[in-house]
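Visitor: Pasting a predicted model and its sequence here:
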Amino acid sequence: MIDPTVFEDVLYEVRGRAAWVTINRPKLYNAFRAQTIEELIAAFKLAADDRGVSSVVLTGAGDKAFCTGGDQSAHEGQYDGRGIVGLPIDEFQSIIRDIPKPVIARVNGFAIGGGNVFATLCDLTIAADTAKFGQVGPKVGSVDAGWGTALLARHVGDKRAREIWFLNEQYTAQQAYEMGLVNKVVPAAELDAAVDAWTETLGQRSPTALALAKRSFNADSDNIRGISMLALNAVKLFYDTAESKEGVTAFNERRTPDFHAFVK
Ligand SMILES: CC(C)(COP(=O)(O)OP(=O)(O)OC[C@H]1O[C@@H](n2cnc3c(N)ncnc32)[C@H](O)[C@@H]1OP(=O)(O)O)[C@@H](O)C(=O)NCCC(=O)NCCSC(=O)c1cc(O)c2ccccc2c1O
């Protein structure tokens, strides 16, 4: 039996017919470590098994960030938990897809790196007008390929997805909406009301019809799961290289990384 009151990094709360799963590391802009991912998986399992829950809301604590990806202060190469890269990121990404209930990303600030991938994976995304979206992998010696690249390209188109990954710019919520990454943008003060309105609507819909619709959308892009697993195994090897470590070290030292020695 999972007891969410013992979670340290994640808050779990059922509001009406929705489970709210909140990454609670606001000082680190809701960056995740291995424990965070374990608790996110546990929280989603709770939501999946709760017959009173019709939908799940994934969000971050505070008003600065939804999630900024892997905690750069918590790893040097691999992370410290289980899984291919030391955190079971593939299990959490899979559960967002596999839970037979709609998952809404409530993007309240930065959705960067692995956090942007979480939002990409959610069924629906609703963003505060203050939110920012972007990828940083090539700046920090990482790449969350598969869901982060190929599924992103399904949402925004191939050229735009390459731009996001290659140039690592930040995009406003409105720009993200215009490119198909976000379903709805609302003033930050109205974010919770807008999320509540959606979860109330979802609570009135046929759960079986929602589950079937979700599964059918997933079936059409499920080949990407294989790409993700292949990429994760490649990233494991990449994380142990001087090139990847230069990216992490540069972020932690607040300087521009120097990748020139690694050009092939
Ligand atoms: C998000 C930012 C753009 C915000 O920039 P800003 O200048 O506004 O603020 P600061 O940079 O000063 O940040 C404030 C504060 O938060 C800390 N912080 C932010 N993000 C992280 C983080 N990810 N890890 C640790 N700490 C973080 C920052 O240090 C500041 O703390 P102070 O104590 O100094 O106040 C900007 O912060 C930013 O670009 N962050 C970088 C985010 C990043 O590098 N993310 C990791 C990308 S890689 C990734 O997510 C990833 C994860 C995986 O699990 C993978 C698995 C498999 C394959 C690939 C993976 C992968 O790529």
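Guide: Received, thanks.
Visitor: From here on, just use CA atoms for contacts and neighbour counts.
Guide: OK.
Visitor: Tell me, how many residues neighbour the spatially closest residue to residue 53 that is not a sequence neighbour?
Guide: In this structure, residue 53 finds its nearest non-sequential neighbour in residue 17, 4.8 Å apart by C-alpha to C-alpha, 6 or more residues apart in numbering. By the criterion of other C-alpha atoms under 10 Å, residue 17 has 20 neighbours.
Visitor: Over to residue 137?
Guide: Around residue 137 there are 22 other residues, counting by other C-alpha under 10 Å.
Visitor: Now do the contacts for it.
Guide: 113, 143-144, 165, 168 (C-alpha atoms under 8 Å, 6 or more residues apart in numbering).
Visitor: let's see it at 7 Å
Guide: Contact analysis of residue 137 by C-alpha atoms under 7 Å, 6 or more residues apart in numbering lists 113, 143.
Visitor: mind checking pLDDT for the residue nearest to residue 53?
Guide: Note for residue 17: predicted pLDDT of 97.
Visitor: Then residue 75?
Guide: Looking at residue 75, its pLDDT reads 69.
Visitor: Quick check: what element follows the helix or strand harbouring residue 216 along the chain?
Guide: Per DSSP states H and E: residue 216 is located in helix 207-221. The first helix or strand that comes after helix 207-221 along the chain, using DSSP H and E, is helix 223-239.
Visitor: Contacts for that next one next, please.
Guide: With contact meaning C-alpha under 7 Å, 6+ apart, helix 223-239 is reached by 77-78, 84-85, 145-147, 150, 244-245.
Visitor: again with stretch 91-109
Guide: Contacts for stretch 91-109 (C-alpha under 7 Å, 6+ apart): 37, 40-41, 48, 54-59, 63-66, 118-119, 121-128, 130-132, 210-211, 214.
Visitor: So which of those sit within helices?
Guide: The members of the contacts of stretch 91-109 that map onto helices under DSSP state H are 37, 40-41, 48, 118-119, 121, 210-211, 214.
Visitor: List, one by one, the residues from the stretch 51-200 of the chain near the ligand.
Guide: 68-73, 89, 110, 112-114, 136-137, 140, 142-144 (C-alpha under 6 Å from any ligand atom).
Visitor: Taking these, please make a PyMOL selection of just the buried ones.
Guide: Typed into PyMOL, the next command selects the buried ones out of those (criterion: 16 or more other C-alpha atoms under 10 Å):
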select buried, resi 68+69+70+71+72+89+110+112+113+114+136+137+140+142+143+144
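Visitor: Filter the contacts of stretch 91-109 down to the buried ones.
Guide: If we count by 16+ other C-alpha under 10 Å, these have these buried: 37, 40-41, 48, 54-59, 63-66, 118-119, 121-128, 130-132, 210-211, 214.
Visitor: Name the nearest residue to residue 41, ignoring sequence neighbours.
Guide: Excluding its sequence neighbours, the residue lying closest to residue 41 (C-alpha to C-alpha, 6+ apart) is residue 92, at 5.4 Å.
Visitor: Check residue 257 too.
Guide: residue 250 (5.1 Å).
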